[in-house]
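>>> sequence and computational prediction follow.
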Amino acid sequence: MEVNCETIKHLASLANFSLEDKETESLAGDLQNIIKYISELDKLNTDGIEPTYQVFEMENVWRDDEIKEQDANREQLLALTKEEKDHQIKVPKVL
Amino acid sequence: MKTADKKTTATMLVKEALEKAKKFEDYNIFTFVNEEGALKKAAEIDAKIARGEKVGKLAGVPYALKDNYLSPEGETTASAHILQGFTSPITATSVEKLEKEGAIMIGRTNLDAFAHGSSTENSYFGPTLNAYDKERVAGGSSGGSAVAVALDIVQFATGSDTGGSIRQPASFNGVYGLKPTYGAVSRYGVVAMASSTDCMGFFTKTPEDMDLLMSIASGRDEKDMTTLPDFYDKSEIKKVRKIGVVKDFDNDSVNTEIRNALKEKVEDLKKKGIEIVELDMPTLKYALAAYYIIVPAEVASNLSRYDGIRYGFRSENSKDLDSLYENTRSEGFMPENKRRIMIGNFVLSSGFYDAYFLKAAKARTLIVKEYEEAFKKCDFILTPVSPNYAFKLGEKVNDPIAMYLEDLMSVSLNLAGVPGLAVPVGKTKTGLPLGLQLVGPRRSDKSLIEFSKELK
């Protein structure tokens, strides 16, 4: 798998990064090496093996669908944003 | 644990810790020092003691909090630029439990930004220096916490361990570091890195302190549905008869002094009548590759929430919403954060998912099984924590693979969800700390801590 600047630009767009050319080049080198290393896994035979996504021993732990207590209220959360107007978070234009 | 009483007040303990924090300022341990808040809490505890009221098991004990634990005291930044300015309205469950027993946070400690790293050099605030040699790394990602305990600034510190971030800095600084069983300690209120491997734990100077902290902090938490039902205090301390050593780690990729320290301890244990079992664990050498697929995938997902809109850093002068996202994330993340997010997007993207992510998830099954098989043959396993002792600052920071290789022996535990305790076992010829790792089956945390006393 060859990682070139085009690959990096695509991955950067998936991650919402705007990269400068120099950064793109250094990331291409780094990611090439990392992908080469993780491709070592090809040597491991996993035929017929089921995947494991978590090591928690239980599944579907439910709680009642009711609000008990909230650790933070609306005012506290809105206070964290840079710009607020009429109880809304203000952002630059969308279109 | 030295707690406050009428003679040694909480105020005295806190003042002493704050003075030491100042004395060791050049180590760059703290991202925030909680002078005012800590002294206020100390005065409250002292008043309680003076009135003869009951105080908690950690009354007046100063501690250091890894800066990825949320609490309203100081900004929680995870040592990342993108979280600067964020003061949390909520408190992590662990913090709540510790403080309910009277522990007092005197400062937040430095880490690799978002806990991505093995040296604390990836911090936005610069590296923390090793407690034994200022030209060497503290280890990471919980470098600040490890050094704070090693220099006796505090009696304990919190850490998080996704692939070795407690155990490796503990061994680099000669202290105890526990990565508990997955789900033993609540993750609620800790900045998420990789949700399926993140474990919350501690740094201490003694096994006794570790035991006390686990009995307080572990347990089921309704706010974290992946916490296990309470088991810590109920886990019986079984008689340990057999210790496993992994043949696959006894090779040139591991530093000779570390291998010798392991051999010495094995001989000691034999003399104590413990049987040593040699283990073949051939899948472990693939754990690091599997880890650096699974964890970046989860990182890419967990770090997608940082967009500059609701909290933390927001890039200025963006012309529209899309460029605000892009500029904030580009300026706010460290290079290693970007590498991991992009690797995560790569291994999850269509066309590569089966070859990388699914393959790694299958490898994880084999790793889990390999541990299960090993624990049929022995009670605990004794291994190195990492292939090297504390390395020089700057030595590996520009070589991601060299840095990742530091995690060679620690990551498999996180993939399997089993507990591991880094135990200080001596020094190199040049006086740097050496640590070994005790690994046990799930839920054996208490016995593991108890048995570590045999390695003294």
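Now that the structure is in, tell me what you want to look at.
>>> the residue positioned nearest the centre of chain A - nearest residue in space that isn't next to it in sequence?
Centroid-nearest residue in chain A, with Cα atoms, centre = their mean: A:A15, separated by 7.3 Å. Nearest residue to A:A15, sequence neighbours excluded (Cβ to Cβ, 6 or more residues apart in numbering or on different chains): B:I341, at 4.8 Å. (Glycine included, C-beta is placed from N, CA and C.)
>>> pull the contacting residues for the one you found.
By Cβ atoms under 8 Å, 6 or more residues apart in numbering or on different chains, the contact set of B:I341 is A:15, A:17, B:296, B:299-300, B:303, B:333.
>>> at 7 Å instead, please
Shown in contact with B:I341 (Cβ atoms under 7 Å, 6 or more residues apart in numbering or on different chains): A:15, B:299-300, B:303.
>>> what score does the residue nearest to the centre of chain A have for pLDDT?
pLDDT, A:A15: 96.
>>> Validate this expectation: the residue nearest to A:A15 resides in a helix.
Yes - B:I341 forms part of a helix when assessed by DSSP: H, G, I helix; E, B strand; the rest coil.
>>> mind checking how far it is from B:L151?
34 Å (Cβ to Cβ, to the nearest Å).
>>> over to B:F114?
B:F114 is 25 Å from B:L151, by Cβ to Cβ.
>>> so for the two, which sits in the more crowded spot?
B:F114 (30 against 18; other Cβ atoms under 10 Å in any protein chain shown).
>>> touching, that one and B:N337? I think so.
Yes - contact criterion Cβ atoms under 7 Å: B:F114 and B:N337 qualify, at 5.6 Å.
>>> any common contacting residues for those two?
Common neighbours of B:F114 and B:N337 (Cβ under 7 Å, 6+ apart) are B:L303.
>>> please, where are all the strands along chain A?
In chain A, the strands defined using DSSP state E lie at A:84-85, A:88-89.
>>> please work out which residues outside the longest helix along chain A touch it.
Secondary structure of chain A per DSSP state H: the longest helix is helix A:21-38. Residues outside helix A:21-38 that contact it (Cβ under 7 Å, 6+ apart) are A:1, A:3-5, A:8-9, A:19, B:289, B:292-293, B:338-339, B:342-343, B:356, B:400-401.
>>> what of stretch B:388-395?
If you take Cβ under 7 Å, 6+ apart as the criterion, stretch B:388-395 is touched by B:121, B:127, B:130, B:133, B:135-137, B:139, B:172, B:255, B:258, B:406, B:428, B:432-434.
>>> mind checking which of those residues are in strands?
The strands in this structure, assigned by DSSP E, contain B:433-434 from the contacts of stretch B:388-395.
>>> farthest pair within the contacts of stretch B:388-395?
B:P127 and B:I258 (22.5 Å; Cβ to Cβ).
>>> ok, B:E208 - how many residues close by?
14.
>>> hmm, I was thinking of B:R364
30.
>>> what subset of the contacts of B:I341 is buried?
Buried by 16 or more other Cβ atoms under 10 Å in any protein chain shown: A:15, B:299-300, B:303, out of the contacts of B:I341.
>>> could I get those as TSV with distance to B:E326?
Formatted as TSV, those follow (distance: Cβ to Cβ, whole Å):
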residue	distance to B:E326
A:A15	9
B:V299	19
B:A300	16
B:L303	14
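>>> of all the residues you listed, which two lie farthest apart?
Of all pairs in those, the most separated under Cβ to Cβ is A:A15 and B:V299 at 10.6 Å.
>>> helices of the chain, start to end?
This is for chain A. All helices of chain A, identified by DSSP H, fall at A:5-15, A:21-38, A:74-78.
>>> not what I meant, chain B
So, for chain B - with DSSP H - the helices run B:10-23, B:35-50, B:93-100, B:143-150, B:167-172, B:207-217, B:256-271, B:287-302, B:321-332, B:335-348, B:359-377, B:400-405, B:411-416, B:445-451.
>>> let's have these in TSV, adding mean pLDDT.
Formatted as TSV, those follow (pLDDT from 0 to 100):
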stretch	mean pLDDT
helix B:10-23	98
helix B:35-50	98
helix B:93-100	98
helix B:143-150	98
helix B:167-172	98
helix B:207-217	98
helix B:256-271	97
helix B:287-302	98
helix B:321-332	96
helix B:335-348	97
helix B:359-377	98
helix B:400-405	92
helix B:411-416	98
helix B:445-451	97
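>>> any chance of those in a markdown table, with distance to A:E59 too?
Formatted as a markdown table, the helices of chain B follow (distance: least, Cβ to Cβ, whole Å):
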| stretch | distance to A:E59 |
| --- | --- |
| helix B:10-23 | 43 |
| helix B:35-50 | 40 |
| helix B:93-100 | 22 |
| helix B:143-150 | 33 |
| helix B:167-172 | 29 |
| helix B:207-217 | 25 |
| helix B:256-271 | 38 |
| helix B:287-302 | 18 |
| helix B:321-332 | 34 |
| helix B:335-348 | 22 |
| helix B:359-377 | 16 |
| helix B:400-405 | 31 |
| helix B:411-416 | 18 |
| helix B:445-451 | 23 |
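>>> neighbours of the closest residue to B:V368 other than its chain neighbours, just the number please.
Closest residue to B:V368 apart from its sequence neighbours, by Cβ to Cβ, 6+ apart: B:A416 at 4.9 Å. Look at B:A416: counted by other Cβ under 10 Å, it has 27 neighbours.
>>> distance check, B:A416 against A:T52.
In terms of Cβ to Cβ, B:A416 sits 9 Å off from A:T52.
>>> next one: B:S142
26 Å.
>>> pick out whichever of those two has more residues nearby.
B:S142 (37 against 22).
>>> what distance do you get for the more buried one to B:D211?
20 Å.
>>> cool, and B:G139?
With the distance defined as Cβ to Cβ, B:G139 ends up 23 Å from B:D211.
>>> so which of those two has more stuff around it?
B:G139 (36 against 19).
>>> just to check, the more buried one is in contact with B:A146?
Yes - using Cβ under 7 Å, B:G139 is in contact with B:A146, at 6.2 Å.
>>> what touches both of the two?
With Cβ under 7 Å, 6+ apart, B:G139 and B:A146 have common neighbours B:169, B:172-173.
>>> what about residue 29, how many neighbours?
No chain specified, so I'll use chain A. A:G29 has 12 nearby residues by other Cβ under 10 Å.
>>> the chain in question should be chain B.
31.
>>> ok, now A:R63?
9.
>>> residues contacting it?
Contacts of A:R63 (Cβ under 7 Å, 6+ apart): B:E222.
>>> go again using 10 Å as the cut-off
B:222-223, B:225 (Cβ atoms under 10 Å, 6 or more residues apart in numbering or on different chains).
>>> same check, this time on B:V154
B:V154 makes contact with B:13, B:17, B:20-21, B:29, B:61-65, B:103-107, B:109, B:145, B:148, B:203-205, according to Cβ under 10 Å, 6+ apart.
>>> report the buried members of those residues.
B:13, B:17, B:20-21, B:29, B:61-65, B:103-107, B:109, B:145, B:148, B:203-205.
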